[in-house]
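A.B. asks: Give me a model of this one.
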Amino acid sequence: MPYMDGEQYFRELRQLDPNVKVNMSSGYNEQEVTQKFVGKGLASFIQKPYQLSKLKDVLKKIEQ
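C.D. replies: So this is what the prediction gives:
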């Protein structure tokens, strides 16, 4: 993203709506990324690269 990293974007989204469900996607290691969001309400994580079917599955789980 040109102006913010994922962590900054996450914070901005949560300020707009504290209940928004956020899926983080990154090419970095899942544990490395998600440890920054422990206790902050990250809904899910998907490792890049991924197939559209995998993203669809992850988003379905978030909706529940």
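
A.B. asks: sec struct for the nearest residue to residue 6 once chain neighbours are set aside, please.
C.D. replies: Of all residues not flanking residue 6 in the chain, residue 24 sits nearest, at 5.9 Å (Cβ to Cβ, 6 or more residues apart in numbering). The C-beta positions use only the backbone N, C-alpha and C, and glycine is treated the same way. Under DSSP: H, G, I helix; E, B strand; the rest coil, the three-state class of residue 24 is strand.

A.B. asks: What residues does residue 24 make contact with?
C.D. replies: 6, 10, 33, 34, 37, 42, 44, 45, 46 (Cβ atoms under 8 Å, 6 or more residues apart in numbering).

A.B. asks: Using neighbour counts, trim those residues to the buried set.
C.D. replies: Buried positions within those, assessed by neighbour count (16 or more other Cβ atoms under 10 Å), are 6, 10, 33, 34, 37, 42, 45, 46.

A.B. asks: quick check, the second one in a strand?
C.D. replies: Yep, that's residue 10 we're talking about. No - applying three-state DSSP, one finds residue 10 to be helix, outside a strand.

A.B. asks: Burial check on the residue lying closest to it once chain neighbours are set aside, number of neighbours?
C.D. replies: Closest residue to residue 10 apart from its sequence neighbours, by Cβ to Cβ, 6+ apart: residue 22 at 5.6 Å. By other Cβ atoms under 10 Å, the residues close to residue 22 number 18.
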